[in-house]
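**Q** Give me coordinates for this.
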Amino acid sequence: MLLWLAACGDPPPPEPAPVDPVPQEVTGLGWITELAWHPDRFQALTADEQQKAGWVAFHAHDLTGAWEAFPDGVGRARTAWEMGVIHDDLARLSADVNERLWTTWSAKGGMPPEGALIAALSASCARREAATSWAPKVAPGPDRALAEAIIRGRRPEDVSSNGPFGRRITLHRTAVNNRDPSVLTAVATTPVLTREDTVDKKPVERSFWDPCLHRALADAWFERSSALVSRGPGWKSVGAMATEDNGLAGTLFSAWLTDEDVQSELAVLQRPGELGAKSPTARKLGVGGGAFPSDEADHGREEVSVLDAGLNAWDARITQEAPAEGSALVRELGLIERFRQEWLIARARVALADDQPHVAEILLEQARDHGAGAAQDPALEAVLADAMIRTGRVREAMQAVQGLEAAFPEILGLRETLADLAVLEGLDRNGDSAHDP
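**A** Residues are numbered from 1 along each chain as shown. Below you'll find the predicted structure:
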């Protein structure tokens, strides 16, 4: 990729000789076929040094680097939006981990008094009905007002509380309202509360983490993204990025292939990370229809097989028919592999929403194991960890989460909460069997 991008700053090449008009159907794979038949459009997109640096980082899934490199505009807005999507994935994972942790701990007995409040907050920020079951169990104290809000059908973010969790939620409001995720990342690696307990006559330090951190980070990043394109609040502002006026900048390297895909799906989509999974273009490839018949791994394998058949056919056509420069660009940037991975992640999110975690695991494992030529999207590990939690594979989920920490140090609290779950279920913090759970 660097060879192509390095050349983008050079003087423009001589005008190519006229060629026959491109058949209409070669637009059928959206931004991939656009680059294959019109590589000059990619060169134009990356001609500016800042834009080039931003797209290099974006292609490598270095979202922090892309955010720092891009000037204000569509590239930066998309980077912020992708940050929001990853934290949305982590928010869902956090909710599933906390639900399992506190439900298991309550059933085993000996749950610390903070557990009911954390479980209630976690369920509330995930918009889950369990919040109203946990909230009445919260003991009196400085953060009881948060539980009272949940009991009355209000959001805990809408009330004030002087307790440690109330103070942290105040930071959530500040981060989202000011579109400033750094307010939260500055405190993300610090527990909300730490105290010493006695277990089996031995002192044990317990740390309690923010169960709504990633929900607030996702919202803050989505609001920041929206502000850059000045189109309404929240994640649906992606519709202002994927437009004809923005050209490749609104679709490049994404799970959606065309602007029309985005506009079509936004009308019915409930969750941002699923964008592209059921697009009209994907359905033309024979995939992305309704829910799978059941949560059986073979259904996922069949979907991947159909997808690969369609993509292989386009790969062969690009090789045979596209201009040599465009065909080489597709190979150099791993464009087909990139789309394949992004689409499978989006489709796995749909499977999880349909309560089909075994299917989601297969889709994600196929995306990870057969993604040669494309840098791995960190969202893959976040979504895979969530699928593994739902299928009871806590050991493997821990390993997936650990792979995210270098790029996202704010995941520390989630990792520690997952480690507590592992210990509670009889594994040590490295995923091996523990003698004293």
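**Q** excluding its backbone neighbours, what's nearest the spatially most central residue of the chain?
**A** Closest to where the C-alpha atoms of the chain average out (C-alpha atoms, centre = their mean) is residue 86, at 2.6 Å. Excluding its sequence neighbours, the residue lying closest to residue 86 (C-beta to C-beta, 6 or more residues apart in numbering) is residue 379, at 5.0 Å. No exception for glycine: its C-beta is placed from N, CA and C like everyone else's.
**Q** Could you pull up the residues touching the one you found?
**A** 85-86, 89, 273, 345 (C-beta atoms under 8 Å, 6 or more residues apart in numbering).
**Q** at 6 Å what do you get?
**A** Shown in contact with residue 379 (C-beta atoms under 6 Å, 6 or more residues apart in numbering): 86, 89, 345.
**Q** mind checking pLDDT for the residue lying closest to residue 263 once chain neighbours are set aside?
**A** What sits nearest to residue 263 in space, not counting adjacent residues and going by C-beta to C-beta, 6+ apart, is residue 239, at 6.2 Å. pLDDT recorded at residue 239 is 94.
**Q** Surely residue 244 is within a helix?
**A** No: per DSSP: H, G, I helix; E, B strand; the rest coil, residue 244 lies outside any helix segment and is coil.
**Q** What does the pLDDT read for it?
**A** The model reports residue 244 with a pLDDT of 93.
**Q** Residues contacting stretch 405-412, please?
**A** 185, 188-189, 378, 404.
**Q** of all those residues, which two lie farthest apart?
**A** Farthest apart among the contacts of stretch 405-412 by C-beta to C-beta are 189 and 378. That separation is 17.8 Å.
**Q** which one of the contacts of residue 379 is nearest residue 223?
**A** Nearest to residue 223, judged by C-beta to C-beta, of the contacts of residue 379 is residue 86 at 15.5 Å.
**Q** so the closest one is in which element?
**A** helix 74-108 (DSSP states H and E).
**Q** And for residue 228?
**A** According to DSSP H and E, residue 228 maps onto helix 213-229.
**Q** Does anything pack onto that helix? Which helices or strands?
**A** In terms of contacts (3 or more C-beta pairs under 6 Å, 6 or more residues apart in numbering; DSSP states H and E), helix 213-229 is packed against helix 74-108, helix 164-177.
**Q** Quick one, which of those helices gets closest to residue 304.
**A** Comparing the helices and strands packed on helix 213-229 by C-beta to C-beta, helix 74-108 comes nearest, at 20.3 Å.
**Q** Give me the buried stretch members for that closest one, please.
**A** Neighbour-count burial for helix 74-108 flags 74-103, 105 (criterion: 16 or more other C-beta atoms under 10 Å).
**Q** tell me the mean pLDDT for that helix?
**A** For helix 74-108, the mean confidence score works out to 97.
**Q** Adjust the sequence numbering to begin at 496 for everything that follows.
**A** Got it, the first residue is 496 from now on, which makes the last one we talked about helix 569-603.
**Q** Next secondary structure after that helix?
**A** Helix 569-603 is succeeded, C-terminally, by helix 609-620 (DSSP H and E).
**Q** In three-state terms, label the residue nearest to residue 898 when sequence neighbours are not counted for me.
**A** Of all residues not flanking residue 898 in the chain, residue 876 sits nearest, at 5.1 Å (C-beta to C-beta, 6+ apart). Here residue 876 is recorded as helix under three-state DSSP.
**Q** List the residues that contact residue 876.
**A** Contacts of residue 876 by C-beta under 6 Å, 6+ apart are 895, 898-899.
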